[in-house]
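1. Provide a 3D model corresponding to the input given below.
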Amino acid sequence: MVKGITRQVILVKSPDPRLFEEAIFIVKEEALAREGVTAEHVLKEARRAADGYLKQGKAWNRRLERLPAPLWAAIGAAAASAGWLGWLFLL
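-> From the prediction side, this is the model:
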């Protein structure tokens, strides 16, 4: 449903196109009306938020990538065994 409201948005291109094409930020109506807040400041804040989000995800992925393949296999085997045991004893 489309409403008759106009909003200002900021589109930030992703530095890592494997994850996102762009981020869309909807600017509060009163944000640019405040004294001392410029369009440049709002754009920098949007870029900082997008970069922070990407860095947070990359840090978590790096931790998971450090785990060796045999450990992932053991985790999968344990999860499958627990699933089967749960299935057998709950029925």
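2. In this protein, mark out all the strands, start to finish.
-> 8-13, 22-27 (DSSP state E).
3. State the paired neighbours of the last one in the sheet, together with their directions.
-> Paired neighbours of strand 22-27 in the sheet (DSSP bridges): strand 8-13 (antiparallel).
4. how far out from the middle of the chain is the strand it pairs with?
-> Here the centre of strand 8-13 is set off from its chain's centre by 16 Å, with C-alpha atoms, centre = their mean, to the nearest Å.
5. Ok, stretch 42-57 next?
-> 10 Å.
6. what sits against Arg18?
-> With contact set as C-beta atoms under 8 Å, 6 or more residues apart in numbering, Arg18 has no partners. Where C-beta positions appear, they are placed from N, C-alpha and C, glycine not excepted.
7. which intervals of this structure have sub-threshold pLDDT?
-> For the chain, applying pLDDT under 70 flags the ranges 1-6, 15-16, 19, 32, 54-64.
8. Where do the helices of it begin and end?
-> Secondary structure of the chain (DSSP state H): helices at 39-65, 69-90.
9. possible to save these as a markdown table with distance to Leu11?
-> Supplementary listing: these in a markdown table, determined by distance: least, C-beta to C-beta, whole Å:
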| stretch | distance to Leu11 |
| --- | --- |
| helix 39-65 | 9 |
| helix 69-90 | 37 |
